[in-house]
Each structure stands twice: as C-alpha cells, then as structure tokens.
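Trainee: Sequence first, predicted model second:
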Amino acid sequence: MENILNLIGTHREMLYFIALAIFVGIEVIGGVPTVLHTPLMSGANAIHGVVIVGAIYVMLHLEPDNTLALILGFLAVLLGTLNVVGGFVVTDRMLEMFKKK
C-alpha cells in the first residue's frame, strides 16, 4: 500500500493531467451534434490507426525476454485493430443510410 501511495505522490501532476483530459473529453464529445458523429468516428479510426502503428513500433524495439511488454503490445495491436475495423463498419453502415435507392 505504501508503494502505491508513493507512486501517486511521485506522479501527481500526471494524474491531474489524465483526470482533466477525461473531463474535457467527456464535455467535448457530449456537445457534438448527432449529425457530426460519422465524421467524428472516422477521425477516431485514424487515431486508432496511429495507436496500432505505435504499438507495433514499440514491440519491434523490445527485448525478446520482456514477455509482459510483448503481451501488452500484442493486446494493443489486437484491440486497436478491432476498434478500427468496427468503426469503419459502423461508419459505412451509417453512410449507406444517406444513399438514394
């Protein structure tokens, strides 16, 4: 328990920054009109594509014996890929609604 409190005390500014980013993100996303959700999702897909590339880059520069980091990197690539593919599927379905029959 003392290690956790010491870690929190050491990284207090970073924790404040993360908490502020969460609140600002909720306010920004909550204020988006429903008409703009499709372009917003496309932008989020692009961001997750960067996450995938970053995770692959980090995994390529890891020590081969660092199993935990390799597992976390693999999960980052897997979940980022699922998010990108799912986002494009949803975006495509939403855009299909606007096509004339």
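Mentor: Sure, I can see it.
Trainee: For the rest of this, base every contact and every neighbour count on C-alpha atoms.
Mentor: Noted.
Trainee: Beyond the helix or strand of the chain with the lowest mean pLDDT, next helix or strand please.
Mentor: When the helices and strands of the chain are compared on mean pLDDT, DSSP states H and E, helix 37-60 comes out lowest with a mean of 80. Using DSSP states H and E, the helix or strand that follows helix 37-60 in sequence is helix 67-96.
Trainee: got a list of contacts for the least confident helix or strand of the chain?
Mentor: Under the contact criterion Cα atoms under 8 Å, 6 or more residues apart in numbering, helix 37-60 has outside partners 69-70, 73-74, 76-77, 80-81, 83-84, 87-88, 91, 94-95.
Trainee: 6 Å - rerun?
Mentor: For helix 37-60, the external contacting residues (Cα atoms under 6 Å, 6 or more residues apart in numbering) are G73, V77, G80, V84, T91.
Trainee: By pLDDT, give me the weakest of those.
Mentor: Among the contacts of helix 37-60, T91 carries the lowest pLDDT, at 76.
Trainee: Break this protein into its domains for me.
Mentor: 1-31, 35-101 (automatic domain parsing).
Trainee: so where's this structure shaky on pLDDT?
Mentor: 35, 37-42 (pLDDT under 70).
Trainee: one more time with 80
Mentor: The chain contains residues with pLDDT under 80 at 29-48, 87, 90-91, 94-95, 98-101.
Trainee: quick one: contacts for G80?
Mentor: Here G80 is in contact with H48, I52 (Cα under 6 Å, 6+ apart).
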